[in-house]
Each structure stands twice: as structure tokens, then as C-alpha cells.
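Here is the input, now give the coordinates:
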Amino acid sequence: MQVPVFESAEHFLAGANLAEINVLITDFKMPGMNAGGLLEALHARGATFPVVVMSAFDPESTRAAVMKKGAAAFLPKPVDPDALTRVLENLRMQPRRSAGPNT
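A predicted model of the protein is given here:
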């Protein structure tokens, strides 16, 4: 399995082949665009892979914001490896959906 790493959301959007992505795990706070902006950009591009967001900053309000924008899951930092494994296993069993807003 190949796991590419990108230094920012902008580099991901410019360099990733979105059709080949199975899942995206991202921090909320990054240089430049944060995960909320990334989720909006992915929705605008029609991305259908799940996005897992993690953050140590104000977990409850961050969770609410990113879930509303279409994140498939949110994990507070420090991330529990078992919790991440459970999230990925659950996502593997679900059909792909748009990364857009959950209304």
C-alpha cells in the first residue's frame, strides 16, 4: 500500500490524483488552508473518499465544524491508535459518498 504525504492542503489539492485516494487523514490546523477549507475544496471537486480529521484544538467545536462540512470522522489528539483503526475499519465497510456538507 502506498501512503503519500503532502506538506499542506494546497499541495494535496495540486498534486494528488483524487480518483486514486481511498481515505484522507488530515490534521485540522495546517499551514495555509485548514481542514474546513480542504473539505469545501474537495466537495467542489466532487471527491467521494472519506476524510478523517484530527485536532488538539477545541475538540468539540472543531468536531462539529468539520462534521458539518462533510468529514467522515473526527479524532481528538493525541490520537488513540485503536480508535483510528476502528474508524478506518468502519469506513472500509461503508460505500463512498461525497465529501460535502452533511445537512
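
could you pull out the strands for this protein?
24-27, 51-55, 73-76 (DSSP state E).

So which of these is the most surrounded?
strand 51-55 (a mean of 23; mean count of other Cβ atoms under 10 Å). Just so you know, the C-beta spots here come from the backbone N, C-alpha and C atoms, and that holds for glycine as well.

May I see the strands of the chain organised as TSV, with mean pLDDT and distance to Met33 added?
Shown next, in TSV, are the strands of the chain (pLDDT from 0 to 100; distance: least, Cβ to Cβ, whole Å):
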stretch	mean pLDDT	distance to Met33
strand 24-27	97	10
strand 51-55	97	13
strand 73-76	96	17
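
Ok, which of those comes nearest Leu39?
strand 51-55 (6.1 Å; Cβ to Cβ).

which secondary structure elements does the closest one contact?
Packing contacts for strand 51-55, counted by 3 or more Cβ pairs under 8 Å, 6 or more residues apart in numbering; DSSP states H and E, involve strand 24-27, helix 35-44, helix 59-68, strand 73-76, helix 81-92.

Show me the residue at the heart of this structure, geometrically.
Nearest to the geometric centre of the chain sits Val51, at 2.6 Å (Cα atoms, centre = their mean).

For beta bridges, what are the partners of it?
Per DSSP bridges, the residues bridged to Val51 are Leu24.

just checking, it touches Phe74?
No - Val51 is not in contact with Phe74 according to Cβ atoms under 8 Å; the separation is 9.8 Å.

for the worst-scoring helix or strand of the chain on mean pLDDT, which positions count as buried?
Each helix and strand of the chain was given a mean pLDDT (mean pLDDT, DSSP states H and E); the minimum falls on helix 59-68 at a mean of 92. Of the residues in helix 59-68, Thr62, Arg63, Ala65, Val66, Met67 count as buried by neighbour count, 16 or more other Cβ atoms under 10 Å.

Alright, that wraps it up for me.
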